[in-house]
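In: Coordinates for the following, if possible.
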Amino acid sequence: MPDVFDSVYGQPKVREFLRRTIATGRISHAYLFTGLAGSNKTQAAYAFAQAVVCERHACGTCDDCQRIQRRKHPDVRYFAPAGASGYLVEQVRDIVADAEVAPIRAKRKVYIIDRVDLLGVHAANAFLKTLEEPKPGVILILLGRTRDSVLPTIVSRCQVVPFRQIPANEAVGILVQNTGVAPAKAAAAIQACGGSLSKATEFVRSPERMAYRKRVLESLEGLHAADDLDVLTTAGELVVGAKAPLDAVRAQQERELEENADFLQASALRRIEARNKGILGMQSFDYLRQLTSIIRSWLRDVLMVRDGMPQLVMNADALPGIEAAAARVDAARVARALRAVDEADEAIAYNVSLETCIDVLLFDIREALYETHSPHTA
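Out: Reported below is the predicted structural model:
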């Protein structure tokens, strides 16, 4: 039988802990996985969920396993902050209420709650009783950046599982070993996915995502000669391309709802529909973050070439365009462009119009690098 924890790349101690937990049956009701972005916490959470929900401890072939692997199981639910600055009290109350409802398909329910370092005092207070004494069969897996960034009242109620930061060169090696791609391609994918090995694995296996990355890099290379209409057209194309994979996700969700409609109660269907909407929102956010990560990696490569360190370029397949850009700019301009990317990420997190965010970002990068004034600053 395949070991579901083999997918938790770069975390040997975590893998061993999770295997031992399943083997001994000493499963706690609440865990706190701590580690920086890209440390594979989310993948580990889903692997652990699969092991506790599947009656054969992640056989990999049953319906429960297949649904969890596709992130479609109604009893394994993922939550991320709904507010611009963190979790809303109403959102946490909805999680608490849902945790009181019996499972739809399995004997256990698993809640994966991301970025609990953004769980404020009031929202946490609405959650503490459930976290301390959830209903039987409910398992809570909380994900946070660092232990110290999570409220002590949350930490004290969880079993803490620390994840190490995976060095970039090791991450590239793991991705090469597991996918067979060239190191340069692996490095580019890891950059595009914000350091996440699990997302980078999906990225390199998708010809569409790799083609999209190439389109983003070509757009940046041509930005110095682009007029305002060119920039607006390019921004629109990049937003459409970033969200294109959502069509397949949406279609799969609709098929599964149709398959389940005959035997699920209306309340269960509503919960699944709400969950599906959340998944679409989360994946849309992820794909847009891939766009800004690709842009950020290109700008950093320009800076590396500008500073005489071309050996540190991550997008080696785009080196001629990077060198051409580096010849036109100085370090201060690149730094301004990188700040514009950070501002775009913040605007996306605040649910500002996606099209507007990317429009503004490309204009700001063009202005920062080449001193061509943007329409919104004119």
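
In: gap between residue 75 and residue 320?
Out: 51 Å (Cβ to Cβ, to the nearest Å). Placement of C-beta: from N, CA and C, glycine included.

In: what do you get for residue 307?
Out: Distance, residue 307 to residue 320, by Cβ to Cβ: 18 Å.

In: more crowded one of these two?
Out: residue 307 (12 against 9; other Cβ atoms under 10 Å).

In: residues in contact with the more buried one?
Out: residue 331 (Cβ atoms under 8 Å, 6 or more residues apart in numbering).

In: ok, now which ones touch the closest residue to residue 182 other than its chain neighbours?
Out: Spatial nearest neighbour of residue 182, excluding adjacent residues (Cβ to Cβ, 6 or more residues apart in numbering): residue 176 at 7.4 Å. Contact analysis of residue 176 by Cβ under 8 Å, 6+ apart lists 182-183, 186.

In: Within the helices and strands, which one has residue 176?
Out: If you go by DSSP states H and E, residue 176 is part of helix 168-179.

In: can you map out the strands along this structure?
Out: 30-34, 76-79, 109-113, 138-144, 159-162 (DSSP state E).

In: among the ones you listed, which gets the worst mean confidence?
Out: Lowest mean pLDDT within the strands of the chain: strand 76-79, at a mean of 92.

In: Flag every buried residue along that one.
Out: 76-79 (16 or more other Cβ atoms under 10 Å).

In: Residue 335 versus the residue nearest to residue 305 when sequence neighbours are not counted, what's the distance?
Out: Spatial nearest neighbour of residue 305, chain neighbours left out: residue 326 (3.9 Å); criterion: Cβ to Cβ, 6+ apart. From residue 326 across to residue 335, the span is 14 Å (Cβ to Cβ).

In: And for residue 345?
Out: For residue 345 relative to residue 335 (Cβ to Cβ), the value is 16 Å.

In: So for these two, which sits in the more crowded spot?
Out: residue 345 (17 against 13).

In: List the contacts of that one.
Out: 289, 292.

In: Give me the pLDDT for it.
Out: Looking at residue 345, its pLDDT is 87.

In: Begin at 452, not 1, for the rest of this chat.
Out: In the new numbering, first residue 452, that becomes residue 796.

In: and the residue most central in space within the chain, what does it touch?
Out: By Cα atoms, centre = their mean, the mean C-alpha position of the chain lies nearest to residue 737, the distance being 5.0 Å. Counting by Cβ under 8 Å, 6+ apart, residue 737 makes contact with residue 650.

In: again, 10 Å this time
Out: 531, 644-645, 647, 650, 693, 696 (Cβ atoms under 10 Å, 6 or more residues apart in numbering).

In: Low-confidence stretches in the protein?
Out: Where the chain drops to pLDDT under 70, the residues are 452-453, 535, 696-708, 710-736, 802-803, 824-829.

In: returning to that earlier point: just among the contacts of residue 737, which is most surrounded?
Out: Neighbour-wise, the contacts of residue 737 (other Cβ under 10 Å) top out at residue 647, 27 neighbours.

In: ok, now how distant is that residue from residue 509?
Out: Per Cβ to Cβ, residue 647 is found 21 Å from residue 509.

In: picking up where we left off before, let's have the strands of the chain in JSON lines, adding distance to residue 619.
Out: Listed next are the strands of the chain as JSON lines, based on distance: least, Cβ to Cβ, whole Å:
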{"stretch": "strand 481-485", "distance to residue 619": "20"}
{"stretch": "strand 527-530", "distance to residue 619": "27"}
{"stretch": "strand 560-564", "distance to residue 619": "26"}
{"stretch": "strand 589-595", "distance to residue 619": "21"}
{"stretch": "strand 610-613", "distance to residue 619": "20"}
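
In: Minimum distance to residue 501: which of the ones you listed has it?
Out: Closest approach to residue 501 among the strands of the chain is made by strand 527-530 (8.0 Å; Cβ to Cβ).

In: which helices and strands does that closest one pack with?
Out: helix 492-504, helix 514-520, helix 540-550, strand 560-564, strand 589-595, helix 717-757 (3 or more Cβ pairs under 10 Å, 6 or more residues apart in numbering; DSSP states H and E).

In: The ones you listed into TSV, with extra columns for distance to residue 474?
Out: Shown next, in TSV, are the helices and strands packed on strand 527-530 (distance: least, Cβ to Cβ, whole Å):
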stretch	distance to residue 474
helix 492-504	10
helix 514-520	18
helix 540-550	27
strand 560-564	18
strand 589-595	17
helix 717-757	30
